[in-house]
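# Next come a sequence and a model predicted from it.
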Amino acid sequence: MKDIEKTIGNMLDKQSICYISSIDCDGFPNTKAMLKPRKRNGIKEIYFSTNTSSLKVQNYKNNNKACVYLCDKRFYRGIMIKGYVEVLEDQESKDMIWQFGDTMYYKKGKTDPDYCVLKFTSISARYYSNFKSIDIEI
């Protein structure tokens, strides 16, 4: 593959839904469908919006290990990215990824206490395509 980072970045940008996993208090993975990332810095840092009151936020505060998975059904390829999540509740982070229409989810707007940012920092990935998998250090 020529440019794996570009390929993964394109998948992050084009998929409307991705899956993010956390580890619960019993040590089991919990996977949740999420809207595509709001912002990314290459494939190293990926930002999502979510509800502060959600179970996954509680899980990340107890264990910050995480996984993001994207699947391109059209070409039957996927990418699993492992890393760590930081729960960001500062106003600067909230402002950074806020989008028009977010009041549908966060009634009080950018300052809603139930609105936070998940900053996912990638450490490695596994890309699957054409019946082969490739491990990638990030």
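Nice, thanks for sending it over.
# Next, count neighbours for residue 93.
By other Cβ atoms under 10 Å, the residues close to residue 93 number 19. Bear in mind the C-beta positions are built from the backbone N, C-alpha and C, glycine included.
# What strand or helix carries it?
Here residue 93 sits within helix 91-97, counting by DSSP states H and E.
# Toward the C-terminus, what is the element adjacent to that helix?
Under the assignment DSSP H and E, the closest C-terminal helix or strand after helix 91-97 is strand 115-129.
# buried sites along that following strand?
Going by neighbour count (16 or more other Cβ atoms under 10 Å), the buried part of strand 115-129 is 115, 116, 117, 118, 119, 120, 121, 122, 125, 127.
# want to try CSV for those, with pLDDT as columns?
Below are the buried residues of strand 115-129 laid out as CSV (pLDDT from 0 to 100):
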residue, pLDDT
115, 97
116, 98
117, 98
118, 98
119, 98
120, 98
121, 98
122, 97
125, 95
127, 93
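# Adding distance to residue 9, write those residues out as JSON lines.
Output for the buried residues of strand 115-129, formatted as JSON lines (distance: Cβ to Cβ, whole Å):
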{"residue": "115", "distance to residue 9": "26"}
{"residue": "116", "distance to residue 9": "24"}
{"residue": "117", "distance to residue 9": "20"}
{"residue": "118", "distance to residue 9": "18"}
{"residue": "119", "distance to residue 9": "17"}
{"residue": "120", "distance to residue 9": "14"}
{"residue": "121", "distance to residue 9": "15"}
{"residue": "122", "distance to residue 9": "11"}
{"residue": "125", "distance to residue 9": "11"}
{"residue": "127", "distance to residue 9": "12"}
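# returning to what we had before: give me the mean pLDDT for the helix holding residue 93.
For helix 91-97, the mean pLDDT works out to 97.
# just checking, what packs against that helix?
Of the remaining helices and strands, those touching helix 91-97 by 3 or more Cβ pairs under 8 Å, 6 or more residues apart in numbering; DSSP states H and E are strand 45-51, strand 115-129.
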